[in-house]
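Participant: Structure here, sequence nowhere to be found:
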């Protein structure tokens, strides 16, 4: 089971929090902070597994993370999950984001956290892995997008126009997550 | 309309949406909190609007704020409003918000049940998807109970997208509502073989999660998982399955045997590291007895550890530590590699390596490993890792009651060395407690320890600065205590006293000063005794005066405790001085103050003191205080002292088990008996107080190797060298011995190699037993208070058949409780779906009613009895089927060759007995005899029962066996399906070559009563393979109505269609027939449970075949699978045997020549079955079969055997 999925940037700012177990908001913030401290002091060339974190977990749980440019993707999982499998799952998640947002960058996650949640819900459900096939995930997500657009119909046009105007002067941020070479995902051959 | 919408949305474009909110927060970095509270106010206004779009937008913003740590539970009701919107866009926002902030205690959740149900049943599969997804995050017991049925229905949805989610969420349902597990399990099991890989993966996932906590209940699924493992190509699924096997194999050793080959193959061949790693893990967990496989795993792990990928390295070490528990030797050979990992830059890896070292330690290599670790401590930077190293060193040494330490002097030296390591540490108190522990519990070491400590105290002025920097001041606490307590062993008490009185002591922490004061007095007492023995009055007086002078300094201490001790000490000293001046002897009297030895108290001693009867520990002794005063400060100090003395060691000291104590005692007694120097103590030693006995030999060795007085602080390295020397010597000695033996007797050459492991310890490691209270509970049982684990509720037997009461609750708000009368019957036709439920109710009602009725009528009593008798066979059947399920598994596990094995031929098999042979053939020689025997017994018993049944009820079949006139053999293929007092069911199967996946079960219903039976409904619990065909649109649970009613004592036949995807295995299904029986006054509903057994012959179709084709087929190689049996026909002529075979197995005779005949049949899926039946000598009949499907053939052969035997 996956207990939590956290995405935060290099400064510890949360970009996505998904807890599959109830914590109060305060606890959630603590967990994010603690996890950030644990993860951020590690070099990039060390292993991706971390035991502990007193707030989340306990002996049966592990933190498994990957670091992409400005973002950390952290999964907190118990012993029923395969460590390497989860690493690949993180990769699938990020690649799916990349395909859905067309070159995903931190900004996309900042402004479209709802979309990220929707994509994630196609991959993990209630702490259990739902789908690992990237094509399936993207197709389903796109279908829902289409459904949403068709529902909005004509009335969405003005809002879209307004959003376009508002989006003109976005602060400059690194545009790309710099996905490393990801051709092989052995767990999901 | 559209225009209106546009207009409305134009009004809204200046509302803040999520993006605006995010942007706003980013633009107000300096007063973010203000800005957000402003936004929340806006959101509150928006939530009050009528327009759902506005609300949804507000909720969407709330989701973002929730991530930033703001509580949004106040908007729970609005979230539900948005969830209930018919538009997918808004619904999705609502469900997302709910999944983020709802939890099982959210009270508005009870409003959502019907809404969620509606969404689950929605035409749009994305609606159902988001509903399930949301539900998975906030499942409660109520929701689980109310929605279990809907989810179960969705599990067979035609859309894989929904099906997959429904399967996955069933796990959450089970967690919250365990009662759902058994009714839903067959469906779940079925999904393991779903055509959609996503659904399959979800089902595997759910079962793995379930099985992780209660593995034994899922053992019977092993064959299915085995099949999946060998057939699946999805690595994700494979990993899960392999993990599951890891949990199952420890429960069933035979499973390990079965798995070892495919797993090793995977280990050799897979390119996916994740899969490789999980295979290794499972082998480690479940197949510890397979040495070669473990070796393979260790080899592979070494490759992983040597890999440049840090992740693999980490996992390699992790798995290695698991092997270590069972195969320490296999790991120990890779010590070099692991020590190397200590130098890794990655802390996680270093910690893993440390963990490994912890387990690799033995008596032999302890010193060496610790040496390496100490070097490491010096090298490393970073306090945290250093601390970890330090505590690991201590942990390694002290583990298991100092099991691996052979030389305690070495250990003391190590501890002392550790105090001198550079860098701040927080383990001063740990080392201190170790010193205390060792000195107190190992008697032999006391002298050495005391002198070491004395040396440390004497040098304290030089090293105290360093000690403080290193955070090691606490060690002085131990040093002072040890010196004082064992002062009689100290060589120069006077100089020690001087050292302890240095003014610098005043700068130490208060608790250490206190210990100093107390222990100075102890040392002083010893010094006095010595002085008086030497009649050196001057020395004594001098000492007293020095003490008086120096101790007065402590009177000015700012610590109250120090002051107090100093003043009381001083007054005693003044008194002594007075006496000394008078030249009277004081030493003896004075030393009485410190007489008596302190024994260490066992960690659990206090807990084990039995509470005397009548004592209520919770009752107030005095009236409770009116105000709550803070008593903390008073308690703190003594508590701290106590903690420092004992608590750190608490975790370390492991209690000896009673057996261990007993063993040790026996050993000791023996040793005493053989030791001429031992002075027998006749006094009853009622208490187990193990003192350190000194083995004379060992003591001698000690004298040789260790000089008694070590000036200064020795280094531990010396001991390492000593130890190595000693080992070398011992080895040399042994080889000499061996050679000697070789010359003497060649037989004894095989001195076990393990001998080398047993290194004679330099010190007797006999450790003083800790004190336990009298009347302490003997058992060491610790009632662990297991916390509420939801998985405990899920521990249930999944193989036993469902009882009628076990149905999932259905929505029932519009259901009216009905009286059982005639009118109701008509109505009931319409409410077919609720049958099961009502039936349960009625049963209850009836039993309640029974006593009152019996007053009026005679019959009811009878009825009650009949019910009882009806129940008994039912329960027997249940038991049987359960045993059978076990049997099937054990059969699968033991061997599938068993059928052809010689003992199998002796098996007496009932006509209905199925032998479940799975598609997987495994050639294993190690056939387990015991289970097979058990099984045979079981079968015999069953057989008896069945034949009895047959005699009573099944004349036709029975007649065929005892038939006198052979010419017109009367055979009936109708078999009993089930029967009670009222109704009897018989069935036969029919198949047709035109329908590839269909067979017909023709069922004969017979009314045994004088009453009218109607509303008959027939239902079968579908299996993965075989399903009942229901008329279109009906749920797969629904019963099939039988289109006739049965007048009194009549019978009628009805054909039911079944689909079968595979025909190679016999099927056994459970089913129910429900019906209404109408007597004079009222109608009642009854039911009959039955088991439908479809042998493989049910799938065969009689196919005429020419002998030409037959020979062609045999020679073509199209029928590669062979099987043969030889059966005693008990004198039945070949003709009859052939007739029976042809009749029951739907074979047709191709050719008959003399004593042999060839028969042919084909299955509905075009498998060939060719049999050659020969009458051999002395009444035996041999049957040889060929087919293109081994499983089908072996099943048919089994049937053939039964038929021939009658």
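Facilitator: Thanks, I have the structure now. Computed from a prediction, not measured in an experiment: that's the story for all the values here.
Participant: any bit of whichever helix or strand residue B:208 is part of sitting next to chain A?
Facilitator: Using DSSP states H and E, residue B:208 sits in helix B:197-213. Yes: applying Cβ under 8 Å from any Cβ of the partner chain, one finds that helix B:197-213 is in contact with chain A at B:198, B:201, B:202, B:205, B:206, B:208, B:209, B:212. Just so you know, the C-beta spots here come from the backbone N, C-alpha and C atoms, and that holds for glycine as well.
Participant: helices or strands up against that helix?
Facilitator: Using 3 or more Cβ pairs under 8 Å, 6 or more residues apart in numbering or on different chains; DSSP states H and E, the elements in contact with helix B:197-213 are strand A:128-129, helix B:160-176, helix B:181-190, helix B:222-231, helix B:235-248.
Participant: Rebuild these as CSV, extending it with distance to residue B:1104 and mean neighbour count.
Facilitator: Output for these, formatted as CSV (distance: least, Cβ to Cβ, whole Å; neighbours: other Cβ atoms under 10 Å in any protein chain shown):
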stretch, distance to residue B:1104, mean neighbour count
strand A:128-129, 54, 22
helix B:160-176, 44, 25
helix B:181-190, 37, 20
helix B:222-231, 36, 18
helix B:235-248, 45, 24
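Participant: export these to JSON lines and tack on mean pLDDT?
Facilitator: Compiled in JSON lines, the helices and strands packed on helix B:197-213 are given as follows (pLDDT from 0 to 100):
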{"stretch": "strand A:128-129", "mean pLDDT": "92"}
{"stretch": "helix B:160-176", "mean pLDDT": "92"}
{"stretch": "helix B:181-190", "mean pLDDT": "89"}
{"stretch": "helix B:222-231", "mean pLDDT": "88"}
{"stretch": "helix B:235-248", "mean pLDDT": "89"}
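Participant: Tell me which of these lies nearest to residue B:1061.
Facilitator: helix B:181-190 (11.3 Å; Cβ to Cβ).
Participant: now that closest one against helix B:222-231, angle please.
Facilitator: Here helix B:181-190 points in a direction 30 degrees away from that of helix B:222-231 (axes from the mean of the first three to the mean of the last three Cα atoms, to 10 degrees).
Participant: got the contact list for helix B:181-190?
Facilitator: Residues from elsewhere that reach helix B:181-190, judged by Cβ atoms under 8 Å, 6 or more residues apart in numbering or on different chains: B:148, B:152, B:155-156, B:167, B:170, B:173-174, B:203, B:206-207, B:210, B:221, B:224, B:794, B:796, B:798, B:802, B:806-808, B:1021-1024.
Participant: In ChimeraX, how would I select the buried members of the residues you listed?
Facilitator: The buried residues among the contacts of helix B:181-190 can be selected in ChimeraX (16 or more other Cβ atoms under 10 Å in any protein chain shown) with this line:
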select /B:148,152,155,156,167,170,173,174,203,206,207,210,221,224,794,798,802,807,808,1021,1022,1023,1024
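Participant: how many degrees apart are the helix holding residue B:208 and helix B:235-248 in direction?
Facilitator: Going by the same axes, to 10 degrees, helix B:197-213 makes 20 degrees with helix B:235-248.
Participant: now what about stretch B:46-59, what contacts it?
Facilitator: B:8-9, B:12, B:15, B:17-18, B:43, B:75, B:78-79, B:81-82, B:85, B:87, B:89-90, B:93-94, B:97.
Participant: I am finished for the moment; much appreciated.
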